[in-house]
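**Student:** What shape does this take:
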Amino acid sequence: MGMFVEAARAAGLGTPRVVEWRDVLRDGGHTFADDEIVRLDSPGENAEVDRRLRGAVEPTRVEGSARWYAGFLDAVRSLRGGIRLDDPDELAVLFDKRLCHARMEAADVPVPPSPTSGGALPVRGWDDVRAAMREHGMPRVFVKPAHGSSASGVLAVETAGGGRIRATTSVEVTPGGLHNSLRLRRYTGEREIAAIVDALAPDGLHIEHWLPKASTADGRVADLRVVVVAGRATHAVVRTSRSPLTNLHLGGARGDLAAAVAAAGERWTRALTICEEAAACFPRTLCVGVDLLPATGWRQFAVGEVNAFGDLLPRLTGLPGGPAEGLTTYAAQIAAARTAVPLPSPASPPARPHHTEPRNDHASL
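**Tutor:** As a prediction, the model looks like this:
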């Protein structure tokens, strides 16, 4: 959180309070002055905190995300006062992929089809995943821990004729359980894939249709992380990979944003509007990171996930001509918090006939 504090000092706001989760868990909550800006630290950035929330000794352990979720929400709701940049009730939805998917779907935000949206389909194990794939005509799916982040425990599952199956994941199977690895693995035996899913199912699972994504000139698949601050899309980075998982820490690489904008053409404005519509589902949260999935040919877009702490993008400044041009993601948030109004719009956004939720407005925090 050093970059956030530095941005606040540069803007003349002194030193804002950045909540350290180890202090919250130790002391049982904090109370802040009404005019004090409070930024929550991402709990995943601290191995000690993750261990305490998850109840696991090993920081790389995948299982335990349901316990993590419950402990995280208890800690968030123990805080009192201050100008919050993250809303507790909205964090509860953002950290449950099933609830987040349903909220966006209800607001007509394009999302991948999902039989588990809103928790409609309980997933007790691999048999339920296979049944859902058959019943909904989905030969390729992403199976995600409902409360996971950073692709922890995610499996990209694809099936083909003759009973062939493959799962790409960062999960490493050990005699002591499942662990995250920085090296992607491919499992081709249904029994071993089923064992991983069965181990993760008690924490809650979310199933999404695997949409074919756009590719770069050199054949890498691509998606985008778009940061939305105070209702406006301010920053974007292209993530590319040879694998279905584009996370930068799993071997993904930043791509050419200018090339992506050119490929999208006049549809680029629509892409940013979709991200703003996704953020508008969380009007009391100042900043979110939207994972935008471009379809083949950059003709259509869907929102894969909305991340409460999706702004850790070092050396990235705002989109040219946008409301945060020249500003880092943190400086853009400070600018919005300082003025207590949304960042100015360079032009009126396209009409949004199906979306009735209010736009993200920091004055409502």
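**Student:** Would you mind listing where the chain has pLDDT under the threshold?
**Tutor:** Along the chain, the model assigns pLDDT under 70 to residues 1-2, 12-17, 340-365.
**Student:** residue ranges of the strands in it, please?
**Tutor:** Residue ranges of the strands in the chain, as given by DSSP state E, are 17-19, 31-40, 80-84, 140-145, 155-159, 165-174, 177-187, 205-209, 221-229, 232-241, 253-254, 287-294, 301-307.
**Student:** just so I know, which of the ones you listed lies nearest Met133?
**Tutor:** strand 140-145 (5.9 Å; CB to CB). All C-beta spots, glycine's among them, are computed from the backbone N, C-alpha and C.
**Student:** Just the endpoints, please. Distance across stretch 47-67?
**Tutor:** 15 Å (CA to CA, to the nearest Å).
**Student:** Give me the distance from that stretch to the chain's centre.
**Tutor:** The chain centroid and the centroid of stretch 47-67 are separated by 19 Å, computed with CA atoms, centre = their mean, to the nearest Å.
**Student:** list the buried ones in it?
**Tutor:** Judged by neighbour count (16 or more other CB atoms under 10 Å), stretch 47-67 contains these buried residues: 49-54, 56, 60-66.
**Student:** Show me which of the residues you listed is closest to Glu190.
**Tutor:** Comparing every one of the buried residues of stretch 47-67 with Glu190 (CB to CB), the shortest separation belongs to Val62, at 19.7 Å.
**Student:** Arg103 contacts Ala279, correct?
**Tutor:** No: proximity of Arg103 to Ala279 does not meet the contact threshold set by CB atoms under 8 Å, at 11.5 Å.
**Student:** more crowded one of the two?
**Tutor:** Looking at Arg103 and Ala279 with other CB atoms under 10 Å, you find the greater number of neighbours at Ala279, namely 28 against 22.
**Student:** What sits closest to that one if chain neighbours are left out?
**Tutor:** Counting by CB to CB, 6 or more residues apart in numbering, Val228 is the residue found nearest to Ala279 once chain neighbours are left out, at 3.8 Å.
**Student:** same deal with Ala56?
**Tutor:** Nearest one to Ala56, counting by CB to CB, 6+ apart, is Gly64 at 5.1 Å.
**Student:** what residues are up against the one you found?
**Tutor:** With contacts taken as CB atoms under 8 Å, 6 or more residues apart in numbering, Gly64 has the following neighbours: Arg54, Gly55, Ala56, Asp203.
**Student:** likewise Leu248?
**Tutor:** Counting by CB under 8 Å, 6+ apart, Leu248 makes contact with Arg239, Arg254.
**Student:** where's the closest residue in space to Arg54 that isn't next to it in sequence relative to Gly310, distance?
**Tutor:** Spatial nearest neighbour of Arg54, excluding adjacent residues (CB to CB, 6+ apart): Gly64 at 3.9 Å. Between Gly64 and Gly310 the distance, using CB to CB, to the nearest Å, works out to 22 Å.
**Student:** Nearest residue to the middle of this protein?
**Tutor:** Asn307 (2.8 Å; CA atoms, centre = their mean).
**Student:** Roughly how far does that one sit from Asn247?
**Tutor:** Computed as CB to CB, the Asn307 to Asn247 distance reads 11 Å.
**Student:** Next: Ala295.
**Tutor:** Distance of Ala295 to Asn247, given as CB to CB: 20 Å.
**Student:** Buried residues, stretch 63-79. List them.
**Tutor:** Here stretch 63-79 shows Glu63, Gly64, Ser65, Ala66, Trp68, Tyr69, Gly71, Phe72, Leu73, Ala75, Val76, Leu79 as buried, counting by 16+ other CB under 10 Å.
**Student:** Take those and keep only those in helices.
**Tutor:** The subset of those located in helices under the criterion DSSP state H comprises Ser65, Ala66, Trp68, Tyr69, Gly71, Phe72, Leu73, Ala75, Val76.
**Student:** Mind picking the one among these that's closest to Ala199?
**Tutor:** Nearest to Ala199 among those: Ser65, at 11.6 Å, using CB to CB.
**Student:** what's that closest one in contact with, if anything?
**Tutor:** Going by CB under 8 Å, 6+ apart, the list of residues near Ser65 reads Arg54, Pro145, Ala146, His147, Gly148, Ser152, Gly153, Asp203, Gly204.
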